[in-house]
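S.K.: turn this into a structure:
(one chain, ligands or ions: 1)
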Amino acid sequence: MADSPLGRPVNRVDGRRKVTGTAAYAADQHPDRMVHGHLLVSDVGHGTIRSMDTAAARSAPGVLAVFTPFEPLALAAGAGQNWVPLQDTLVRYHGQVIGIVVADTFEQARDAAALVRTDYDETPPAASFAAGIPTATVPTGGWEPPVVDILADGVTSIDEALAASPVVVSGNYSQPSKHHNAMEPHATVADWRDGGLVVHGGTQAPAGHARSIAAALRLDPAQVRVLSPYVGGGFGNKATTWADAVVTAAAARAVGRPVKTVLTRPQTFTVTGHRSAVAQAIALGADHDGTLIALKHDAWSSLSGSGSVFESAPGTTSRMLYRTANLHVGQKVVTLDVPPSTFMRAPGEESGSFALECAMDELATALRMDPVALRLKNYATVLPGRNVPWSSKHLDECYRVGASRFGWARRRATPSAVAEGDWWVGMGMATAVYPANRFPTSVRVRLLADGTAAVSTASADLGTGMWTVLAQLGADRLGIAMDRVRPELGDSALPANFGAFGSASTAGVAPALRDAAAAAVRSLTEIAVSDERSVLHGADPAGVEYRAGALHAGGRSVTFGALLTATGHPAVEATASGGPGGPPAEYAFHSFGAHFCEVRVNRWTAELRLSRITTVVDAGTIVNPKTARNQIEGGMLFGVGQALFEGAQVEPNGRIANANLADYLIPVNADVPPMDVHFLDHPDTVFNPAGVRGVGEIGTVGVAAAIANAVFNATGRRVRDLPITVEKLL
Ligand code: MOS
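M.R.: Predicted coordinates:
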């Protein structure tokens with residue numbers, strides 16, 4: 001029997017294809033007769049298009065067509081913003097899609113696009129987040145109720161509870177809007193054949209992408225097939241279909257040729273989504289022993305007038321993280337004339353944890369209490385307000401194991417107490433939390449006569465490791481070696497899958513695969529006992545056991561490959577969806593973690609260097625510690641970007657001044673310290689039979705706070721406005 005690869009640090013099955021360049025991404029596709037699209041985008045922040053002179057572009061070399069609101073493509077609603085591209089002359093924000101040029105080559109399309117002259121009636125955009133805060137509104141969408149108040153008996157308001165608290169800290173926190181900047185820019189190759197549409201496009205959700213494109217082009221969803229085997233990063237921005245994909249597909253229909261459109265880096269900033277800018281006000285009231293009496297957390301998030309997604313900061317963090325007698329969380333949105341805001345890795349938790357976990361550090365300082373001890377003092381064992389326990393929660397162990405691995409005991413509570421040469425050395429910590437999600441997922445398991453198996457679901461691997469995890473889970477359930485399991489994903493025609501987001505893929509795939517494998521074995525057993533050519537013919541099905549790729553009964557056994565070959569079946573297959581409904585309602589479901597960070601700040605220049613980070617994660621069973629560590633490290637890297645580098649610079653006219661990778665700073669190798677990632681690996685079998693939760697996003701949550709807290713410990717400077725740049729420490 002093949003030893004199960006479950007829990008082993010297996011190398012990526014797609015790794016060789018990735019590093020040798022044989023993994024074909026969307027933009028690597030070149031169907032016959034393919035031509036190239038180049039998008040036109042608005043260069044004013046708001047107004048209407050008076051005219052577009054496309055004559056020069058149309059007569060430029062190689063140009064097949066130019067589509068604009070005046071020469072439109074037929075499109076309906078269905079893509080990632082609440083308006084339909086090219087159907088009106090309204091400019092909603094700077095960088096909005098207003099047309100597409102189609103030409104024989106990429107260069108011809110790009111050069112012709114530069115010849116289009118657009119005149120606007122310009123009106124000033126509401127592009128300033130700060131200016132919009134006074135008129136912020138309570139959102140109607142979102143996953144979390146915008147306002148939650150849980151007050152002790154006899155308490156009439158959170159402010160009353162704060163006023164009655166012996167120790168109070170409060171502060172305002174802020175951070176700019178941010179962009180995902182996946183290495184692979186959004187790309188679409190739209191190829192019409194046989195009355196249907198094949199779309200090659202890097203997406204986190206092949207089936208959802210196909211549905212959105214079908215809706216926008218008024219097609220039957222069965223007519224659209226999305227292929228997305230490799231995705232060069234997504235981080236939430238490839239969970240949604242944006243205007244580029246539907247305009248490209250419509251242009252391909254109009255010109256009767258396959259069309260490829262690859263966004264330029266600046267276009268990815270405005271044609272696709274970004275994370276809200278967030279301002280937060282937080283106040284904590286506590287007794288002298290550290291017991292929380294009141295937690296008040298309000299946030300204001302930017303929301304694009306073109307979209308519906310915003311950072312839900314307190315609702316995803318303060319709402320559930322600590323036990324407190326009195327709790328208020330409030331969320332407002334500032335609606336702006338900016339590109340569509342969308343999901344970005346840990347949407348809500350990323351910003352909410354920055355404010356909450358810095359405020360907890362401020363409270364620890366005010367109380368002269370150790371930050372870990374303060375968190376343990378207020379450890380929640382039931383979800384506030386609902387009073388249900390977590391299915392599995394080992395956050396206390398994360399704190400203790402993390403503190404021990406990191407050497408937290410060496411931390412000095414007084415800022416600037418430790419120096420090495422010209423460098424102040426500081427330590428900080430913070431909590432990580434992310435919900436355990438599970439979406440409807442179907443998996444097909446197919447046993448083939450050649451002794452191999454295929455496991456298939458319309459998921460995506462955006463660098464997450466799903467190719468590998470799918471093969472591991474299949475090998476585990478079928479008891480065969482991984483190299484006999486062929487994973488299939490990245491195709492909307494495969495069994496239904498919501499897509500790879502919400503850190504939910506493995507938690508959905510594992511139980512569905514388990515049921516599909518069992519059902520396939522039942523079909524196999526049926527053949528084994530009923531077919532005269534089978535060595536198990538006539539056996540009692542109840543006495544037939546499947547083990548290590550073979551059926552066994554009464555001292556006889558046959559591998560599934562041999563059985564299928566002998567009985568003339570090319571394959572046997574089953575599809576399952578991991579049982580009805582979601583996890584039980586009498587529990588709360590989250591993953592947890594703790595970050596411990598050491599920084600060095602130069603006492604003369606305020607140069608800030610991260611020296612090391614230890615992160616301990618409680619996310620249930622870890623299927624592959626290598627790909628899971630990659631996920632957590634990637635999340636931590638996002639946190640480093642949040643803390644020290646990232647932020648869009650939005651000009652008054654709505655133009656993003658740093659919409660490129662030279663000016664929009666993200667961490668590079670030299671900015672990244674040694675990362676010590678440790679998993680607790682407690683199976684969460686209440687959540688699903690495989691015991692897995694998810695690791696895609698939790699690594700991000702709390703990193704910025706741990707860094708900011710370490711900076712305070714090093715320097716005595718409390719920076720509440722991100723990113724923490726040198727000038728804020730001088
Ligand atoms: Mo993630 S922001 O749920 O793709």
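S.K.: which parts of stretch 27-36 are buried?
M.R.: Ala27, Gln29, Pro31, Met34, Val35, His36 (16 or more other Cβ atoms under 10 Å). Bear in mind the C-beta positions are built from the backbone N, C-alpha and C, glycine included.
S.K.: which ones among these map onto strands?
M.R.: Val35, His36 (DSSP state E).
S.K.: pick the one among the buried residues of stretch 27-36 closest to the ligand.
M.R.: Nearest to the ligand among the buried residues of stretch 27-36 is Ala27, at 20.8 Å by Cβ to the nearest ligand atom.
S.K.: I figured that closest one hits His186, correct?
M.R.: No. Taking Cβ atoms under 8 Å as the definition, Ala27 is not a contact partner of His186, at 9.6 Å.
S.K.: give me the common contacts of these two.
M.R.: Val262 (Cβ atoms under 8 Å, 6 or more residues apart in numbering).
S.K.: show residues contacting stretch 183-190.
M.R.: Against stretch 183-190 from outside (Cβ under 8 Å, 6+ apart): 25-27, 29-31, 34, 197-202, 231-233, 237-238, 242, 244-245, 248-249, 251-253, 258-265, 267-268, 271-272.
S.K.: name the helices or strands packed onto the longest helix seen in the chain?
M.R.: Secondary structure of the chain per DSSP state H: the longest helix is helix 505-530. Packing contacts for helix 505-530, counted by 3 or more Cβ pairs under 8 Å, 6 or more residues apart in numbering; DSSP states H and E, involve strand 443-448, helix 466-478, strand 545-547, strand 550-553, helix 560-566, strand 571-576.
S.K.: strands of the stretch 51-200 of the chain, start to end?
M.R.: 63-67, 90-91, 97-103, 117-122, 147-150, 167-175, 187-193, 196-201 (DSSP state E, counting those that start in this stretch).
S.K.: name the SS class of Asn653, please.
M.R.: Taking DSSP: H, G, I helix; E, B strand; the rest coil as the rule, one finds Asn653 in the coil state.
S.K.: residue of the chain nearest the ligand, please.
M.R.: Closest point on the chain to the ligand, by Cβ to the nearest ligand atom, is Gly236, at 2.7 Å.
S.K.: nearest residue to that residue in space, please, no chain neighbours.
M.R.: Phe343 (3.6 Å; Cβ to Cβ, 6 or more residues apart in numbering).
S.K.: count of neighbours near that neighbour?
M.R.: 24 (other Cβ atoms under 10 Å).
S.K.: mind listing what it touches?
M.R.: Gly236, Asn237, Ala239, Thr240, Gly273, Val309, Phe501.
S.K.: Asp515: which of those is nearest?
M.R.: Phe501 (22.6 Å; Cβ to Cβ).
S.K.: ok, that closest one - how many residues close by?
M.R.: Neighbourhood size, Phe501 [other Cβ under 10 Å]: 25.
S.K.: and if you look at the one 4 residues further on?
M.R.: Using other Cβ under 10 Å as the criterion, Ser505 is surrounded by 33 other residues.
S.K.: correct me, but it touches Gly694?
M.R.: Yes. Ser505 is in contact with Gly694 according to Cβ under 8 Å; the separation is 7.1 Å.
S.K.: helix or strand: which one has Val401?
M.R.: Per DSSP states H and E, Val401 falls inside helix 395-406.
S.K.: which residues sit against that helix?
M.R.: 372, 375-376, 379, 408-409, 427, 429, 431, 433, 592-596, 598, 612, 614-618, 676, 678, 680.
S.K.: out of these, which sit inside strands?
M.R.: 427, 429, 431, 433, 592-596, 598, 612, 614-618, 676, 678.
S.K.: hmm, which of those residues are the buried ones?
M.R.: 427, 429, 431, 433, 592-596, 598, 614-618, 678.
S.K.: which parts of this protein sit against the ligand?
M.R.: By the rule Cβ under 6 Å from any ligand atom, the part of the chain lying against the ligand is Gln204, Gly236, Ala239, Phe343, Met344, Arg345, Pro347, Phe501, Gly502, Glu697.
S.K.: what score does the fourth one have for pLDDT?
M.R.: For Phe343, the pLDDT comes out at 97.
S.K.: list the buried residues in stretch 89-106.
M.R.: 89, 91-103, 106.
S.K.: what of stretch 558-568?
M.R.: Those buried within stretch 558-568 under the rule 16+ other Cβ under 10 Å are Val558, Phe560, Gly561, Ala562, Leu563, Leu564, Thr565, Ala566, Thr567.
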